[in-house]
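> Fold the following.
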Amino acid sequence: MITGQPPINILVLSLAAAYLLGSIPTGLLLGKAYGIDVRTTGSGNIGATNLYRTVGRKVGILTLIGDCLKGLIPVLVLRYVFPSTDLAVWAGLAAFCGHVFSVFLKFRGGKGVATALGVFLALAPLAVGIALAVFLLLMVVWRYVSLGSISAAAVMPPAVWLLGGSRSLIIATALIASIVIIRHHENIARLVAGTENRFKA
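Here you go, the predicted model:
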């Protein structure tokens with residue numbers, strides 16, 4: 001545990017490490033272990049929902065956990081090492097960006113929902129509870145994962161603000177939520193058109 005601001009080289013290395021960890025394409029690697037390139041199957045997304053639908057429930061759940069840990073681990077580590085700084089917040093944003101803009105996939109990637117979940121479980125667990133309630137409610141009523149994810153993302157910034165989050169956390173949350181929603185632009189178009197796939201357990 002270190003008090004005070006970290007040196008610039010430590011800051012840069014920490015953010016770079018968080019980004020690289022986030023860049024690991026969990027779903028793609030798990031899919032290939034089963035002989036499937038998920039980028040050419042189903043929706044073409046490397047996230048847990050597509051893995052669930054195309055490879056199977058177990059792999060979908062493992063992808064969800066793996067992507068979540070990519071956001072959770074760097075935040076927890078840096079909150080412990082540098083507790084008096086906002087480095088953990090920006091490392092969470094870096095890990096999220098790594099998943100969405102992976103250096104290993106030519107700066108392409110997933111939609112970031114699971115990785116964002118990991119980040120916010122460490123930084124704003126009460127806000128996650130609110131967002132999760134919204135997600136589950138919409139899933140029960142309409143069974144659209146995309147609608148639940150978009151709505152949960154939209155709820156996070158005001159929830160963090162209302163719960164007294166720091167300015168850095170509010171800014172990072174707004175950026176992450178905006179990117180998640182933008183990455184769902186195709187789902188939004190299908191929801192409007194009434195052609196979006198419903199989730200089947």
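> Identify the residues contacting stretch 70-80?
Stretch 70-80 has contacts (CB atoms under 8 Å, 6 or more residues apart in numbering) with 1, 14, 17-18, 21-22, 24, 26, 87-89, 91-92, 94-96, 98-99, 114-123. Where you see a C-beta, it was placed from the backbone N, CA and C, and this is true even at glycine.
> Buried ones from those residues, can you make that a PyMOL selection?
To isolate the buried ones among those in PyMOL, judged by 16 or more other CB atoms under 10 Å, type:
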select buried, resi 14+17+18+21+22+24+26+87+88+89+91+92+94+95+96+98+99+114+115+116+117+118+119+120+121+122+123
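> Give me the subset of the contacts of stretch 70-80 lying in helices.
Counting by DSSP state H, these place 14, 17-18, 21-22, 26, 87-89, 91-92, 94-96, 98-99, 114-123 in helices.
> got the buried residues for the lengthiest helix in the chain?
For the chain, the helix with the greatest residue count under DSSP H is helix 57-81. Across helix 57-81, burial judged by 16+ other CB under 10 Å covers 59-60, 62-64, 66-79.
> remind me which residues of the chain are low pLDDT?
201 (pLDDT under 70).
> change it to 90
1-6, 84, 200-201 (pLDDT under 90).
> What helix or strand is the closest residue to D86 other than its chain neighbours located in?
Excluding its sequence neighbours, the residue lying closest to D86 (CB to CB, 6 or more residues apart in numbering) is S168, at 4.1 Å. S168 belongs to helix 167-183 when assigned by DSSP states H and E.
> Mind listing residues that contact the helix or strand following that helix?
Using DSSP H and E, the helix or strand that follows helix 167-183 towards the C-terminus is helix 185-193. With CB under 8 Å, 6+ apart as the test, helix 185-193 has contacts from Y144, S146, L147, I150, I181, E196, N197.
> Apply 6 Å and report the result again.
Helix 185-193 is contacted by residues S146, E196 when judged by CB atoms under 6 Å, 6 or more residues apart in numbering.
> what do you get for stretch 46-65?
So stretch 46-65 is contacted by 25-28, 30-31, 34, 36, 38, 41-43, 110-111, 114, 145 (CB under 6 Å, 6+ apart).
> Report the separation between the two terminal residues of it.
13 Å (CA to CA, to the nearest Å).
> And that stretch, how far out from the chain middle?
On the basis of CA atoms, centre = their mean, to the nearest Å, stretch 46-65 sits 14 Å off its chain's mean C-alpha point.
> cool, and stretch 122-135?
That offset, for stretch 122-135, works out to 13 Å (CA atoms, centre = their mean).
> neighbouring contacts of it?
For stretch 122-135, using CB under 6 Å, 6+ apart, the contacting residues are 72, 75-76, 120-121, 148, 151-152, 155-156, 159-160, 163, 169.
> tell me which residues in it are buried?
A122, L123, A124, A127, V128, I130, A131, L132, V134, F135.
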